[in-house]
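A.B. asks: With the input below, show me the fold.
(one chain, ligands or ions: 1)
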Amino acid sequence: MRLIFLGPPGAGKGTQASTLAEQWKIPHISTGDILRQAITGKTSFGIQAQAHVDAGELVPDMLIMALMRERFGQSDVKRGWILDGFPRNLSQAHALEQLLSIMRQPRPQVVNFEVSAEVVVERMLQRGRQDDNEPTIRRRLEVYQAETSPLIAFYRRHRCLNTVDGNFPVAEVNHLLQQSLQLLVSV
Ligand code: AMP
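C.D. replies: This next block holds a predicted model:
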């Protein structure tokens, strides 16, 4: 199974992706996690990315695509994957299509987690990550609206968009997600 998880920051994509990835024994690829590790490890990539992450801005596409090319070069991606936090804008979505076609990988399905603004802010404040302070949260939500939300229409046009109501507690969202994926597997 190849899946892209879409949704605003705080939608619960990471939580659901890690449960599902463990269940299906496929990698959960989170660009945010990879960036945070690089920042902690003070790699040259981390140093270049840090200011963007701290400000709640997108890290430049060139860096993100270099990271994804390297990740897709690893052997564990052959049986499937869940992408969480990538693509984040239309140019990354186009670059991903190219990368997958070069690698002769089938087109992914997309799951969009729909979550209200109040729930998103509440979850981010509870999580307490370094970039989960109020000004950065506000900026990340603006960036999501401007840059990432157009991907919903993009993938709807590609007829691979599935929607899950992410407003419920984790276990219920997981149930809804499994139901929606069951439908995909059975067609
Ligand atoms: P996340 O953990 O997905 O919320 O990502 C945390 C931060 O990492 C974001 O606010 C961005 O600064 C950066 N980031 C993660 N994924 C991407 C991406 N695909 N493109 C650009 N920046 C990203």
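A.B. asks: can we go C-alpha only for contacts and neighbour counts from here?
C.D. replies: Noted.
A.B. asks: Kindly report the residues of this protein close to the ligand.
C.D. replies: 9, 31-33, 52-53, 56-59, 64, 85-88, 140 (CA under 6 Å from any ligand atom).
A.B. asks: List the residues that contact the residue nearest to Val173 when sequence neighbours are not counted.
C.D. replies: Counting by CA to CA, 6 or more residues apart in numbering, Val173 lies nearest to Gly166, which is 5.7 Å off, once chain neighbours are set aside. Contacts for Gly166 (CA atoms under 8 Å, 6 or more residues apart in numbering) come out as Ala11, Gly12, Phe113, Glu114, Val115, Val173.
A.B. asks: In ChimeraX, how would I select just the buried ones from those residues?
C.D. replies: With 16 or more other CA atoms under 10 Å as the criterion, this ChimeraX line picks the buried residues out of these:
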select :11,12,113,114,115,173
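A.B. asks: Measure how far the longest helix along the chain is from the centre of its chain, please.
C.D. replies: Counting by DSSP state H, the longest helix found in the chain is helix 170-186. Relative to the centre of its chain, helix 170-186 is centred 17 Å away, using CA atoms, centre = their mean, to the nearest Å.
A.B. asks: Can you get me a residue count around Glu134?
C.D. replies: Counted with other CA atoms under 10 Å, residues neighbouring Glu134 total 12.
A.B. asks: Correction: the previous question concerned Glu70.
C.D. replies: Glu70: 10 surrounding residues under other CA under 10 Å.
A.B. asks: and if you look at Leu6?
C.D. replies: 27.
A.B. asks: list the contacts for it?
C.D. replies: Lys13, Asp84, Gly85, Val110, Val111, Asn112, Phe113, Ile152.
A.B. asks: Can you convert these into JSON lines and add a column each for pLDDT and secondary structure?
C.D. replies: Supplementary listing: the contacts of Leu6 in JSON lines, determined by pLDDT from 0 to 100; DSSP: H, G, I helix; E, B strand; the rest coil:
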{"residue": "Lys13", "pLDDT": "97", "secondary structure": "helix"}
{"residue": "Asp84", "pLDDT": "98", "secondary structure": "strand"}
{"residue": "Gly85", "pLDDT": "98", "secondary structure": "coil"}
{"residue": "Val110", "pLDDT": "98", "secondary structure": "strand"}
{"residue": "Val111", "pLDDT": "98", "secondary structure": "strand"}
{"residue": "Asn112", "pLDDT": "98", "secondary structure": "strand"}
{"residue": "Phe113", "pLDDT": "98", "secondary structure": "strand"}
{"residue": "Ile152", "pLDDT": "98", "secondary structure": "helix"}
